[in-house]
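Undergrad: pasted the sequence and its predicted model underneath.
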Amino acid sequence: MDPIKVDFTGKSGSKKKEIVIPPEKAVLKVIICIIGTIVLAGLYYYLFLPPFNPKAMEFYMYIGAVFATYIALTMFTTKAMAKPEYIPYVKKQAVVPGIAIGVLAVVVVVGLIISSVLFRAHSYSKLIPVNTNGVFAQDIEKQNADSYSNIPRLDEDAAANLATKALSNLSTLGKVSQFTVYPLYTQINYKGVPVRVATLQYANIIKWLTNRSQGLPGYTIIDMANQTTKFVVLKEGMKYSPAEHFGRLLKRHLRFQYPTYMFADPNFQIDDTGKPYWLTARFDKTIGIFGGTTVIGAVLTNPINGESKYYTLEQYRNDPSLKWVDRVFSSDLLIQQFNYFGKYSGGFWNSILGQKNVISTTDGYNYIAKDDDVFLYTGVTSITSDQSIIGFILINMRTQAATMYKVAGTTEQAAMSAAEGKVKAYAYTASFPLLINVSNQPTYFMALKDDNMVNQKFAMVNVQQFNKIFVVGDSLADCLTQYLNALTAAGIKTDINPDDLNNGTDNNNPVDTKTKTVTGAIEDIRTAVLGGETYYYIKIVKDPVYYSIAASKAEAVIILNTGNKITVTFTAAAGNIIPADSVKVVK
């Protein structure tokens, strides 16, 4: 009998070492996995366009996805899920990629910690320099009798409504159904006038295929004061935009030119000659690895030929040739930076516990034209009492210069509610207020819109005496007259004679607002779908223009034919296509 063997080393219960069994043609499978990973990495890059920048979270996600792809391909080629004996081999192949993914995860976690506002609150509060000693009466120019005509009366929704209607101008090019308005309405100053500009996008992929060689034919200018639109037809179409595909997609076009840059969303602008550009801000992370987002420059791209040029933020601030650029910073980024200033100037714990001097912006914002620049405006309220404002902030969207004005009063939302309450029977909605200076009185001005986003009335609310001085008028002149009278009745001296007010027109560009009619037989009638609604374009015999109207506004047009006699009512306007107010059949 053999002697009993006793193991006193304590290793008898140790885990058995896994046996690594390579699959058939293991070397070939490794090569296939490497090639497949490279191909898929290229596809990922083409689709998701991550910047090769260690401060970009997308960079780490991309590299991690590439390593994970190699592991997944190894599982697939070895069929390890169906043949468990190959799992140890897959684990061995996954060691290096797994370690790399772990290192990436550690870097991201550490980066988030060292970039956290918990440890860097003071740095976050310094992202935007703020002058807190602004004087409203000195810095905000008083409106005079003539300047009221240039007050913007359209918000983004109303501008979008007008921009869609302006597409009717494409009928002269035979393109009216090929495009829709790209949903980005950038407010700029153009030749001293506040306007919004909007470009086009292809109506669908089929329309892109049939029109891509010519590109987008032009863009729309919406006059925010006169509430008019103009469609600008370009000699050569725009071939690079966010509405394009493949290599002409603006984001992809820029990524291949600037592979390490982190980009914000592009915005559409035009220079003083009307030449279009896409401006795409380049941002950087200035706190730790991932914190402290701010703009350090921007790329200007010619949408016609794709030529791009990068300028630093200092060049946009100081170069006279770039003064026409109105927006380098986005509104959301500026709001975020100011809120960091308001929340963390006293430190992180003060923002939670004592909350001494902690302030924040109110909900919503608007834009003010000042010194040929566009300024973001929003109210400022104490974090402990958001029922009223303690002031407001103006931020230059090109230079980031910020000034805070200490003016106590009501919030914009309260002013909007007061204005809407005046016209409750009509169910009009108020646009976000615009701050103006009326006889040195901070005043909220807003339009009251119907369900079709058409301005029907206007309102003014005194910021400081909001419960006593607020009026609603049928026109801008009527509203201003009532407001000036209310100021006078409250014992506030005014410096404008209501009789001198200009009723929403520019002396150099008068607008005929008289209603006219024309009656005659239909010579031609056409249709187009704009923004999901059917529009009819009607030409009357011996009348050189077309009259456009939506089917929802005049159902009778649906059954009209050439030869039918009609009466068209419209507001006098220039152009080959005139929007009609009504169309009635004459029996």
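TA: Thanks, I have the structure now.
Undergrad: pLDDT weak spots in the stretch 401-550 of the chain?
TA: Counting by pLDDT under 70, the stretch 401-550 of the chain shows low-confidence ranges at 498-514, 530-532.
Undergrad: from S308, how far out is the most centrally placed residue in the chain?
TA: For the chain, the residue nearest the mean C-alpha position is L184 (5.8 Å; Cα atoms, centre = their mean). Distance, L184 to S308, by Cβ to Cβ, to the nearest Å: 19 Å. Every residue, glycine included, has its C-beta placed from N, CA and C.
Undergrad: likewise for G364?
TA: When distance is defined by Cβ to Cβ, G364 is 34 Å away from S308.
Undergrad: on that earlier part again, distance of the residue nearest to the centre of the chain relative to L127?
TA: From L184 over to L127 (counting by Cβ to Cβ), the distance is 25 Å.
Undergrad: V195 belongs to a strand?
TA: Yes - using DSSP: H, G, I helix; E, B strand; the rest coil, the assignment for V195 is a strand.
Undergrad: tell me, how many residues neighbour it?
TA: With neighbours defined by other Cβ atoms under 10 Å, the count for V195 comes to 26.
Undergrad: my guess is it contacts Y185, does it?
TA: No - counting by Cβ atoms under 8 Å, V195 stays clear of Y185, with 9.8 Å between them.
Undergrad: name the residues contacting each of these two.
TA: Shared contacts of V195 and Y185 (Cβ atoms under 8 Å, 6 or more residues apart in numbering): I222.
Undergrad: domain assignment for the protein?
TA: Per automatic domain parsing, the structural domains of the chain span 26-114, 130-151+356-511, 156-328, 515-585.
Undergrad: between these, which gets nearest to H122?
TA: Among these, domain 156-328 comes nearest to H122, with 10.0 Å by Cβ to Cβ.
Undergrad: and the contacts of the helix or strand where F59 lies?
TA: Assigned by DSSP states H and E, F59 belongs to helix 57-78. Contact with helix 57-78 is made by 23, 29, 32-34, 36-37, 40-41, 44-45, 48, 50-53, 80-81, 86, 89-90, 93-94, 97-98, 100-101, 104-105, 107-108, 290, as judged by Cβ under 8 Å, 6+ apart.
Undergrad: could you rerun that using 6 Å?
TA: 23, 29, 32-33, 36-37, 40-41, 50, 53, 86, 90, 93-94, 97, 100-101, 104, 108 (Cβ atoms under 6 Å, 6 or more residues apart in numbering).
Undergrad: and S552, backbone torsions?
TA: When read as degrees, to the nearest 10, the backbone of S552 gives phi -70, psi -20.
Undergrad: how about the closest residue to K79 other than its chain neighbours, phi and psi?
TA: Nearest non-adjacent residue to K79, counting by Cβ to Cβ, 6 or more residues apart in numbering: Y86, 7.1 Å away. Recorded main-chain torsions at Y86 are phi -90, psi 0, according to degrees, to the nearest 10.
Undergrad: thought Y86 was touching P23?
TA: Yes - using Cβ atoms under 6 Å, Y86 is in contact with P23, at 5.4 Å.
Undergrad: looking at these two, which one has more neighbours?
TA: Y86 (22 against 18).
Undergrad: tell me the contacts of the more buried one?
TA: Y86 sits next to P23, T78, A80 when contact means Cβ under 6 Å, 6+ apart.
Undergrad: which SS class is the first one?
TA: Each residue gets one of three states, and P23 gets coil by three-state DSSP.
Undergrad: oh, and call the first residue 20 from now on, that's how I've got it
TA: Let's use 20 as the start, then, which means that last one is P42.
Undergrad: now do it against M479, distance only.
TA: Counting by Cβ to Cβ, the gap from P42 to M479 is 79 Å.
Undergrad: need the helices for the stretch 370-519 of the chain, in chain order.
TA: Assigned by DSSP state H, counting those that start in this stretch, the helices in the stretch 370-519 of the chain fall at 431-441, 495-508.
Undergrad: pull out the buried positions in the very next helix or strand once past the last one.
TA: Counting by DSSP H and E, the element after helix 495-508 in chain order, helix or strand, is strand 534-549. Buried residues in strand 534-549, counted by 16 or more other Cβ atoms under 10 Å: G539, I541, I544, A547, L549.
Undergrad: partners of strand 534-549 in the sheet?
TA: Applying DSSP bridges, strand 534-549 is found paired with strand 552-559 (antiparallel), strand 584-590 (antiparallel).
Undergrad: tabulate those strands (JSON lines), appending mean neighbour count and distance to P236.
TA: Formatted as JSON lines, the strands paired with strand 534-549 follow (neighbours: other Cβ atoms under 10 Å; distance: least, Cβ to Cβ, whole Å):
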{"stretch": "strand 552-559", "mean neighbour count": "19", "distance to P236": "18"}
{"stretch": "strand 584-590", "mean neighbour count": "17", "distance to P236": "26"}
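Undergrad: D390: which of those strands is closest?
TA: D390 lies closest, by Cβ to Cβ, to one member of these: strand 584-590, at 34.0 Å.
Undergrad: now that closest one, how far from the chain's geometric center?
TA: With Cα atoms, centre = their mean, to the nearest Å as the basis, strand 584-590 stands 38 Å off its chain's centre.
Undergrad: may I have that strand as CSV, with CA atoms only?
TA: Below are the C-alpha coordinates for strand 584-590, written out as CSV (Å, rounded to 0.1, in the frame of the first residue of the first chain):
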residue,chain,number,x,y,z
LYS,A,584,-63.5,86.1,-60.2
ILE,A,585,-62.2,87.0,-56.8
THR,A,586,-61.5,90.0,-54.5
VAL,A,587,-58.2,90.0,-52.7
THR,A,588,-57.6,92.2,-49.7
PHE,A,589,-54.0,92.9,-48.8
THR,A,590,-51.7,95.3,-47.0
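Undergrad: poorly predicted segments of the protein, please.
TA: For the chain, applying pLDDT under 70 flags the ranges 20-35, 162-166, 187-195, 405, 517-533, 549-551, 591-594.
Undergrad: could you identify the helix or strand that succeeds the helix or strand in which T313 is found?
TA: For T313, the host element (DSSP H and E) is strand 310-320. Beyond strand 310-320 on the C-terminal side, the first helix or strand identified by DSSP H and E is strand 327-331.
Undergrad: pairing partners for that next one, with directions?
TA: strand 310-320 (antiparallel).
Undergrad: filter the contacts of helix 76-97 down to the buried ones, ChimeraX style.
TA: The buried residues among the contacts of helix 76-97 can be selected in ChimeraX (16+ other Cβ under 10 Å) with this line:
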select :42,48,52,55,56,59,60,69,105,109,112,113,116,119,120,123,127
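Undergrad: dump the helices of the stretch 370-519 of the chain into CSV; add distance to L131 as well.
TA: Shown next, in CSV, are the helices of the stretch 370-519 of the chain (distance: least, Cβ to Cβ, whole Å):
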stretch, distance to L131
helix 431-441, 34
helix 495-508, 51
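Undergrad: L173: which of those helices is closest?
TA: Proximity to L173 (Cβ to Cβ) singles out helix 495-508 among the helices of the stretch 370-519 of the chain, at 12.2 Å.
Undergrad: give the buried residues for the closest one.
TA: L495, A496, D497, C498, L499, T500, Q501, Y502, L503, A505, L506.
Undergrad: which strands or helices does it pack on?
TA: strand 474-481, strand 489-492 (3 or more Cβ pairs under 6 Å, 6 or more residues apart in numbering; DSSP states H and E).
Undergrad: which residues touch stretch 313-325?
TA: 146, 255, 257, 259-260, 272, 295-303, 305, 327-332, 347-348.
Undergrad: in strands only, show me those residues.
TA: Taking DSSP state E as the definition of strands, the contacts of stretch 313-325 contribute 255, 257, 295-303, 305, 327-331.
Undergrad: which of these are buried?
TA: Buried members of the ones in strands among the contacts of stretch 313-325, scored by 16+ other Cβ under 10 Å, are M257, P295, Y296, W297, L298, T299, A300, R301, F302, T305, S327, Y330.
Undergrad: the fourth one reaches P285, doesn't it?
TA: Yes - assessed by Cβ under 6 Å, W297 is found in contact with P285 at 4.7 Å.
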